[in-house]
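Asks: Sequence first, then the predicted structure:
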Amino acid sequence: MFIASYQQHISDFGDMHIRPLTDQDAGQVWQWAVQPYAKFWGMQEYSQSQFVSFYAEFSEHAHKRAYLVLKNNQPVALVELYNPSHDPVGQTYAVAPQDIGMHILLCPNQRPQPNFSFQVMRCVLTALFSHRRTARIVVEPDCNNHKIHQLNKRLGFVHTQRIDIAGKQAYLGFCDYPGFCQALDVFYRLQEARRRQQYVDATGHLTPTHWEAANRDLVVKAITEFVHERLLQPDNLTARTYALRGETVHYEFEADWLALDHLVINPASVVKYDKQHHQCALDACDFIGDFAPQLGLEGLALATYLEELQSTLAAACYKRALPSPGAAELAYADFQTLEGAMTEGHPVFIANNGRIGFGIDDYQHFAPEVSKPVKLLWIAVHHSVTVFAGDSQYPDYTGLIAQELDVTLRDRFTEQLQQAGVNSEQYYWMPVHPWQWQNKLNPVFAGELATGKMVYLGEGDDYYLPQQSIRTFYNMSHRHKHYVKVALSIQNMGFMRGLSAGYMKVTPAINRWAYDVVASDPTLQSCGFTLLKEHSTLGYHHRLFEREVVGDTPYKKMLACLWRENPTAQLTGSEQLMTMAGLLHVDYQGNSLLGQLIDRAGVGPQAWLDAYLKVYFVPLLHCFYAHDLVFMPHGENLILAFTEGLPTRAFMKDIGEEVALLNSHQQVPDAVARIHVAMPEDKALLSIFTDVFDCFFRYMAAILHREKRLGEAQFWHQVGAVATHYQRTHPQLEEQFIRHNLFAPDFAHSCLNRLQLGNSKQMVNLADPAGSLKFAGRLDNPLAMYPYPTFGSDKRALAAV
């Protein structure tokens, strides 16, 4: 159970040595134990001789050991290890064979050093886990020893309950090896984020080199998407050379023209010329100005769009300034390293990183690509103005919070409310984004704070990483815990990123209903398709903004949150997780992560694509045809599980706001009725044609074409073959297949950038999404050229869809 000795070098800290405590050591350490800061050690009344005698006897005990920790040969801590089975603490819980009790007394911190306590205790835990990886370290700090509570939690301990040990009120805490490793990972990430912030200051990323590269990339994307949406029409100069002509300038470039009107442009070939045919520097904002009339932009709308574009460019420069792993490295990376490494954002939208409302400090704290762990803030909100909703998994708020918050934090929050003179049992505790608190809640909810409907509690314990969606957070301190999604009233990509308190009331019910549909369907289960439930929500109803005269405004979406299931807890064997957006990621050397995953799997692009289509495409087809159920299946909304680079499962998220029953007569519970959506019959299949083919497969096909891994004809042939196999193996859905013809010659061309250009602040009326769509004619269906299944006498007239 006990170690003999241990040595470790900790970078940027020192050489550590742990050895058994001697009488001479005890005589020296006694000076620490009698000082005021050591009151919780309980030996302030001991004389030096009593102290030495105590530890001489202590170390002779079969179930106890005392150690001295040295840093650079100087004593820095006294450590006691003991067997909980032979200690009073063992009477308070069920002791496991691997349990090791621990007490630690640090030396007086006469010359403060950053992370001193953390590093010393880290050394002790490293020694214990090096000796026995399966060990569980047990602590029972005094309830009033708040500093040690915080230190314990930083190192991965979880306090589970209050206990009484011989009249001492204490917390019982545990730390296992995975929890310790997660704590160290958070520490390293924080250190790296600080180094990055020193490396890239407020303007250090805005260099000519980064600016030129970011602008070239964005001009290429703008040409690609605006030509695709038929806002701009290039002249064909040669087989692979094109020109876009404005009033005073023109752009020339080389490209392959693929299916779905997609240009695969050679970035190095793009050149801008003025009227005199002088070459000009590429500038994405100038490009928008050059073609503003064709894009329908002028005045304030143009200025607003340019602001978002400038912010997008600045973010691109920041990403380039940071050290970033290449695609080959990312193919083996962990879930959250991959999440933070994504550089492109939404593949369709040009201005996709506006984040209007963030300053540079906010960006460096909260942008997903910065990968800086952050703590959420917590407020207490009165029951009279807040609605909690939970599904059968978490029917009550108390059970949820008991799992999410350490008992020490729960006690601290309760004490704060008591000190504020309010009844803590009449309040919920709600996590909020630090930016939201500083910029919206504090000023806009001033009356709620003044009247006690809202009480500020402060930071939580756990560190989170912001995800690509920017308002969703992944718990890095305890990776089995739930995602937390909070309101964030910044303007980004056509929406204010709030959360509707009204929607929160029914979100768990909607998620539970949709989850049960998916979980009970054999086809979906055979594909490994799962929904990540948003199982619990809180929504705050501000009386001023709930008035009918105010209407439906972003002010109704300033204060709400939800908890979502975490796929990490569902992994099996050697599975790894990755945002599906990663399949479109290309590093700065031009290498795709998709290609590297194919190489890692070692099965070839066709077999890899078949595996991917099974876990992603087939479930979407089945949900549509068998259940009238559609999602928003873009890359950021799915998480894929891989085994050695090969897709094995898919997790769909963002259910509550985006799931829909299209033109369905299904009877659903009243709380779920909101998801019924009426869509013109000829537009229903756009949930596949637009959301899957045009907004995701289009880019995958282009990457495989550019890297010469798989021709686009072969790509679409495989998509068609998988769809054909699905239809042939589900003949009971024949009527639906004929009614919504996946192999129709063409389909309505729904355009996303046209939406943003039309209204960058509110692209879509969520109450009438179909009425908000903008079209630009029709797109040829890349599946139309492939054979399709027929049923009985069906000759399937390929009617336009």
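Replies: In hand now; what should we look at?

Asks: The one helix or strand T126 maps to: which residues count as buried?
Replies: Element membership of T126 [criterion: DSSP states H and E] is helix 116-131. Of all the residues in helix 116-131, those buried under the rule 16 or more other CB atoms under 10 Å are 116-129. Where you see a C-beta, it was placed from the backbone N, CA and C, and this is true even at glycine.

Asks: can these go into TSV with extra columns for pLDDT and distance to A259?
Replies: Shown next, in TSV, are the buried residues of helix 116-131 (pLDDT from 0 to 100; distance: CB to CB, whole Å):
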residue	pLDDT	distance to A259
F116	97	61
S117	98	61
F118	98	55
Q119	98	57
V120	98	62
M121	98	59
R122	98	55
C123	98	59
V124	99	61
L125	99	56
T126	98	55
A127	98	60
L128	98	59
F129	98	54
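
Asks: nearest to T537, of the residues you listed?
Replies: F118 (35.1 Å; CB to CB).

Asks: any idea which helix or strand comes after the helix holding T126?
Replies: strand 136-139.

Asks: how far is that next one from where the chain is centred?
Replies: 31 Å (CA atoms, centre = their mean, to the nearest Å).

Asks: for stretch 282-295, same thing?
Replies: Counting by CA atoms, centre = their mean, stretch 282-295 is centred 33 Å from the centre of its parent chain.

Asks: and if you look at stretch 195-206?
Replies: 23 Å.

Asks: Same question for stretch 100-113.
Replies: With CA atoms, centre = their mean as the basis, stretch 100-113 stands 36 Å off its chain's centre.

Asks: So which bits of that stretch are buried?
Replies: For stretch 100-113, the neighbour count (16+ other CB under 10 Å) marks I100, G101, M102, H103, I104, L105, L106, C107 as buried.

Asks: again, but for stretch 552-562
Replies: Quick answer for stretch 552-562 (16+ other CB under 10 Å): P554, Y555, K556, K557, M558, L559, A560, C561, L562.

Asks: can you redo those as a markdown table with distance to T224, secondary structure and pLDDT?
Replies: As requested, the buried residues of stretch 552-562 are arranged in a markdown table below (distance: CB to CB, whole Å; DSSP: H, G, I helix; E, B strand; the rest coil; pLDDT from 0 to 100):
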| residue | distance to T224 | secondary structure | pLDDT |
| --- | --- | --- | --- |
| P554 | 32 | helix | 89 |
| Y555 | 37 | helix | 91 |
| K556 | 37 | helix | 93 |
| K557 | 33 | helix | 94 |
| M558 | 36 | coil | 96 |
| L559 | 39 | coil | 97 |
| A560 | 36 | strand | 98 |
| C561 | 37 | strand | 98 |
| L562 | 35 | strand | 98 |
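
Asks: what's stretch 499-509 in contact with?
Replies: 387, 389-391, 471, 485-487, 533-541, 556-557, 559-562, 655-657, 669, 671-672, 674 (CB atoms under 8 Å, 6 or more residues apart in numbering).

Asks: and stretch 640-659, how far apart are its ends?
Replies: 19 Å (CA to CA, to the nearest Å).

Asks: swap in stretch 578-597?
Replies: Terminal residues of stretch 578-597 are spaced 11 Å apart (CA to CA).

Asks: follow-up on the earlier one: CSV please, covering the buried residues of helix 116-131 and showing distance to H149.
Replies: Formatted as CSV, the buried residues of helix 116-131 follow (distance: CB to CB, whole Å):
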residue, distance to H149
F116, 17
S117, 12
F118, 14
Q119, 18
V120, 17
M121, 13
R122, 17
C123, 20
V124, 17
L125, 16
T126, 21
A127, 22
L128, 20
F129, 21
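
Asks: Show me which pair in these is furthest apart.
Replies: Pairwise across the buried residues of helix 116-131, and taking CB to CB, the largest span is found between F116 and F129, at 20.8 Å.

Asks: out of the buried residues of stretch 100-113, which one sits closest to D23?
Replies: Minimum distance to D23 across those is 17.0 Å, recorded for L105 (CB to CB).

Asks: Can you name the residues bridging to that closest one?
Replies: Beta-bridge partners of L105, counted by DSSP bridges, are L78.

Asks: is it true that it touches V76?
Replies: No - look at L105 against V76 with CB atoms under 8 Å: they stay out of range, at 10.2 Å.

Asks: circling back: TSV for the buried residues of stretch 100-113, including pLDDT and distance to C285?
Replies: What follows is those, written out as TSV (pLDDT from 0 to 100; distance: CB to CB, whole Å):
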residue	pLDDT	distance to C285
I100	98	61
G101	98	63
M102	98	59
H103	98	62
I104	98	57
L105	98	61
L106	98	55
C107	97	58
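
Asks: Relative to F358, how far out is the residue nearest the centre of the chain?
Replies: Geometric centre of the chain, nearest residue: Q467, 2.6 Å, by CA atoms, centre = their mean. Relative to F358, Q467 is positioned 16 Å away (criterion: CB to CB, to the nearest Å).

Asks: For D25, see how far away G14 is.
Replies: Distance of G14 to D25, computed by CB to CB: 18 Å.

Asks: Quick check: P647 is in a helix.
Replies: No - remark: P647 does not belong to a helix; assigned using DSSP: H, G, I helix; E, B strand; the rest coil, it is strand.

Asks: Quick one: residues contacting it.
Replies: Counting by CB under 8 Å, 6+ apart, P647 makes contact with W608, A611, Y612, K614, V615, Y616, L640, A641.
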